[in-house]
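>>> build the 3D model from these lines:
(2 chains)
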Amino acid sequence: MSAKAKSGFRHLFMILLSLVMVYPVFWWIGASLKSNEELSSPNLFPSVPQWRNFTDGWKAIPGHTFTEFYLNTLGLELAVLVTTLVSCTLVAFGFARLDFPLKKFWFSVLMLTLMLPGQVLIIPQYAMFHQFGWVNTYWPFIVPHLLASGAGGTFFVFLLVQFIRGVPRELDESAKIDGCSWFGIYLRIVMPLTKPAIVTVVIFCFLWNWDDFLGHLLYINSVSKYTVGLALKMINDTQSGMQWGQVLAMSLVSIVPATVVFAIAQKQLVEGVATTGIKG
Amino acid sequence: MSRIAAEHDIHASYAAGKVKRKRNRFLSRWETPGLGYLFISPWLVGFLLLTLYPMLLSLYYSFTDYTLMKPIKWVGLRNYERIFTADDKFHQSVKVTFLYVLGSVPLKLIFALFIAVVLNKAVKGISAYRVAIYFPSLIGGSIAVSMLWRNIFGVDGFINSVLDKFGIEGSGWISNPKTALWSLILLSVWQFGSAMVIFLAGLKQIPKDLYEASSVDGANRFVQFFRITLPMLSPTLYFNLIMGIIGAFQMFTSAYVITNGGPMNSTLVYAVYLYERAFNRYQLGYASSLAWIMLVMIAIVAAAIALTSKYWVFYETDTGRGKRK
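Sure thing, here's the model as predicted:
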């Protein structure tokens, strides 16, 4: 086989594979516009698109709309992103720049907790937060993130430490000579230069909290506080056998934020996975 | 401080001997000890209050009868005893979880590795393919995709309608205990994109001259893959394997949403069983014992892989090529 034929063959294979990979998503888009009768037909798109699936699905939970659930989720995301950024950057700066006794010890403890399966912590944390009266509030998400211990918190610290170590120390020294405090160095010198890593942290923090279904399931009980994931589960359970189109339409809408983030920051996201090995 | 004074200082500290120097270095760490701890305090407090304390608490709960409503009652090893001797669902969930891990992790990694090798050769269009392949990993963990999967593999779902076209009568993939777990494994394999991206990054680090030199020596592509690519990629493979296994052991969302452990407990993965005990029946003590057994199980598997790693994980330092970054 000539090199050209080989390359053509390879591209053909990759195109086919890519199609297989994204085909379920195309089917999803088509199915979200189908009526129940048409759902089992193998055609990708329905003869008459049922746009009502989207408008009816949006109001599928009586007394509530998805507008509410999206606002809840976005509010929670905002709180979690801000607290994560503040806590993780401070901690990372401490580990990367300052010298203090037992630093190595604490850093290896941090690395160890990276591997700890979260399931061991679920029950005692639930018991604790239950005692504090935090069940059915957003505190069980916000407080851990404020303490760099929320979903992925330790991973973000690790990622930021690695990045800050690459920022030249000469900059600190000259700032120190100019009378800058450590906090000033953190805020004015290191933080602006850590932007690429911060963007990666923001992306993953957003995605992981969007998908933190188990956490939401545990702590949020009242429908008015539901996140998008919980609302989806609710229509999935109550509507089973009734309006599949609506269920699929609403779940399709729920992946739009992640897709938009991916579209904007594709390069950063993929590189974040490649260099640190974090799961997407 | 003048240069001479600084040199004098250095000489003085040399003269004082090794011990003193070491001590000085230690003392110099105290220059900003409070400040260092101030910066890391969010994590430190979080570690102590939200990780270490809960872990000890959970260990304590595992020896008690604890239900949130009633006062805690110490029962010693009774929970563990009951789990190992009288809990059929526990044995079933361990079996299902191991099947899931053994089915999904190797398949996913083999697929990811194979596609990464193919993609690494293609120069044009690599980023477009990467997007298509990575996209399922991006959305795969969400409940939305679990619901999509439930539809695709349902009795009237997409898979059966395609099979119908070819005249094959499909079954209810999710309602059949024999195939239900496989549809979950397939969902996991569909998300091989993130492992592939990590492999791709590893492949880029393999020096090209190794391939050139070996082809001069007459090695074909097959030999090159097993003698160069695989050994050079083994640290990446090791990393992906460990992380993949730890993740697979904890799988929850898809089993909970798609099948809820059924049919006939055929997809009752460990995390779903633990959830059921803890938050449907509120047996927090019993569930804590389950959680600790899980932790020990994962630790044993991870340690076993780590122990074998010296036989198959190859670091470049072994050949004196220098440590990889």
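>>> next one: A:I264 relative to chain B, how far apart?
13 Å (Cβ to the nearest Cβ, to the nearest Å). (C-beta placed from N, C-alpha, C; glycine too.)
>>> and that residue, what pLDDT?
Per-residue pLDDT puts A:I264 at 86.
>>> OK, contacts around B:N265?
By Cβ atoms under 8 Å, 6 or more residues apart in numbering or on different chains, the contact set of B:N265 is B:K89, B:Q92, B:S93, B:V96.
>>> only the buried residues of stretch B:195-204, if you could.
Buried residues in stretch B:195-204, counted by 16 or more other Cβ atoms under 10 Å in any protein chain shown: B:A195, B:M196, B:V197, B:I198, B:F199, B:L200, B:A201, B:G202, B:L203.
>>> what is the nearest of the residues you listed to chain A?
Within these, the smallest distance to chain A is 3.6 Å, found for B:A201 (Cβ to the nearest Cβ).
>>> which ones are touching that closest one?
B:A201 neighbours (Cβ under 8 Å, 6+ apart): A:A274, A:T275, B:T236.
>>> A:F262 now?
Residues in contact with A:F262, defined by Cβ under 8 Å, 6+ apart, are A:L269, B:F135, B:L138.
>>> now, which of the contacts of B:N265 sits nearest A:R52?
Among these, B:V96 lies closest to A:R52 (Cβ to Cβ), at 39.7 Å.
>>> for the helix or strand encompassing that closest one, packing partners?
In this assignment (DSSP states H and E), B:V96 forms part of helix B:88-121. Helix B:88-121 makes packing contacts with helix A:3-31, helix B:126-140, helix B:180-190, helix B:193-204, helix B:230-249, helix B:270-275 when contacts are defined by 3 or more Cβ pairs under 8 Å, 6 or more residues apart in numbering or on different chains; DSSP states H and E.
>>> turn those into JSON lines, including distance to A:L159 and mean pLDDT.
Converted to JSON lines, the helices and strands packed on helix B:88-121 look like this (distance: least, Cβ to Cβ, whole Å; pLDDT from 0 to 100):
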{"stretch": "helix A:3-31", "distance to A:L159": "27", "mean pLDDT": "86"}
{"stretch": "helix B:126-140", "distance to A:L159": "18", "mean pLDDT": "86"}
{"stretch": "helix B:180-190", "distance to A:L159": "25", "mean pLDDT": "93"}
{"stretch": "helix B:193-204", "distance to A:L159": "14", "mean pLDDT": "88"}
{"stretch": "helix B:230-249", "distance to A:L159": "15", "mean pLDDT": "90"}
{"stretch": "helix B:270-275", "distance to A:L159": "26", "mean pLDDT": "95"}
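>>> turn those helices into JSON lines, including distance to A:S181.
Converted to JSON lines, the helices and strands packed on helix B:88-121 look like this (distance: least, Cβ to Cβ, whole Å):
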{"stretch": "helix A:3-31", "distance to A:S181": "51"}
{"stretch": "helix B:126-140", "distance to A:S181": "41"}
{"stretch": "helix B:180-190", "distance to A:S181": "49"}
{"stretch": "helix B:193-204", "distance to A:S181": "38"}
{"stretch": "helix B:230-249", "distance to A:S181": "39"}
{"stretch": "helix B:270-275", "distance to A:S181": "46"}
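>>> so which of the ones you listed is the most surrounded?
helix B:270-275 (a mean of 25; mean count of other Cβ atoms under 10 Å in any protein chain shown).
>>> with only the CA atoms kept, save that one in CSV.
Taking Å, rounded to 0.1, in the frame of the first residue of the first chain, the C-alpha atoms of helix B:270-275 are listed here in CSV:
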residue,chain,number,x,y,z
TYR,B,270,-21.4,-1.4,45.3
ALA,B,271,-22.0,2.3,45.5
VAL,B,272,-25.7,1.8,44.7
TYR,B,273,-26.0,-0.8,47.4
LEU,B,274,-24.2,1.5,49.9
TYR,B,275,-26.6,4.3,49.0
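>>> how about the next helix or strand after that helix: buried residues?
Scanning forward in sequence from helix B:270-275 by DSSP H and E, the next helix or strand is helix B:284-312. Residues of helix B:284-312 classed as buried: B:284-295, B:297-298, B:301-302, B:309 (neighbour count, 16+ other Cβ under 10 Å).
>>> out of these, which touch chain A?
B:L284, B:A287, B:S288, B:A291, B:W292, B:M294, B:L295, B:I298, B:A302 (Cβ under 8 Å from any Cβ of the partner chain).
>>> show me the contacts for the last one.
So the one you mean is B:A302. A:M115, B:I242, B:I245, B:I246.
>>> and which of these is nearest A:I264?
Distance to A:I264, by Cβ to Cβ, is smallest for B:I246 among the contacts of B:A302, at 30.0 Å.
>>> so what's A:P140 scoring on pLDDT?
A:P140 is assigned a predicted lDDT (pLDDT) of 95.
>>> kindly report the same for B:I10.
Reported pLDDT for B:I10: 45.
>>> and A:V247, by the same measure?
Value for A:V247, per-residue pLDDT: 86.
>>> whatever helix or strand it lives in vs helix A:3-31, what angle?
Counting by DSSP H and E, the element that carries A:V247 is helix A:244-254. Angle, helix A:244-254 to helix A:3-31, by axes from the mean of the first three to the mean of the last three Cα atoms, to 10 degrees: 120 degrees.
>>> after helix A:244-254 comes which helix or strand?
Counting by DSSP H and E, what follows helix A:244-254 is helix A:256-264.
>>> what about A:S224, neighbour count?
Other residues within reach of A:S224, judged by other Cβ atoms under 10 Å in any protein chain shown, total 10.
>>> that one contacts A:E68, correct?
Yes. The pair formed by A:S224 and A:E68 meets the contact definition of Cβ atoms under 8 Å, at 7.1 Å.
>>> out of the contacts of B:N265, the closest to A:P24 would be?
Distances from A:P24 to the contacts of B:N265, taken by Cβ to Cβ, are shortest for B:V96, at 24.2 Å.
>>> okay, the closest one: pLDDT?
Reported pLDDT for B:V96: 96.
>>> near chain A at all, the helix or strand containing B:S254?
Taking DSSP H and E as the definition, one finds B:S254 inside helix B:253-254. Yes. Residues of helix B:253-254 contacting chain A under Cβ under 8 Å from any Cβ: B:T253.
>>> counting by contacts, list what that helix packs against.
Against helix B:253-254 (3+ Cβ pairs under 8 Å, 6+ apart) you get helix B:143-152, helix B:180-190.
>>> how about the residue of the stretch 101-250 of chain A found nearest chain B, what does it touch?
Proximity of the stretch 101-250 of chain A to chain B (Cβ to the nearest Cβ) peaks at A:L147, 2.9 Å away. Going by Cβ under 8 Å, 6+ apart, A:L147 touches A:S87, A:G153, B:P42, B:W43, B:V45, B:G46, B:L49, B:L50.
>>> quick one: it from B:V145, how far?
Separation of A:L147 from B:V145 (Cβ to Cβ, to the nearest Å): 31 Å.
>>> just to revisit the earlier point, I'd like the contacts of B:N265 laid out as CSV, including neighbour count and distance to B:M251.
Below are the contacts of B:N265 laid out as CSV (neighbours: other Cβ atoms under 10 Å in any protein chain shown; distance: Cβ to Cβ, whole Å):
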residue, neighbour count, distance to B:M251
B:K89, 14, 17
B:Q92, 16, 15
B:S93, 24, 12
B:V96, 23, 10
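>>> give the contact list for A:S40.
A:S40 touches B:D156, B:G157, B:N160, B:S161, counting by Cβ under 8 Å, 6+ apart.
>>> what values do phi and psi take at it?
The phi and psi torsions at A:S40 (degrees, to the nearest 10) take the values phi -90, psi 0.
>>> distance of it from B:S161?
Taking Cβ to Cβ, one finds A:S40 at 6 Å from B:S161.
>>> check B:Y311 too.
48 Å.
>>> now, which of the contacts of A:F262 sits nearest A:G245?
Nearest to A:G245 among the contacts of A:F262, with distances taken as Cβ to Cβ, is B:F135, at 22.8 Å.
>>> what sits against the residue lying closest to that closest one once chain neighbours are set aside?
Sequence neighbours aside, A:V22 is the residue nearest to B:F135 in space, at 6.3 Å (criterion: Cβ to Cβ, 6 or more residues apart in numbering or on different chains). Neighbour list for A:V22: B:A132, B:F135, B:P136 [criterion: Cβ under 8 Å, 6+ apart].
>>> right, I'll call it a day here.
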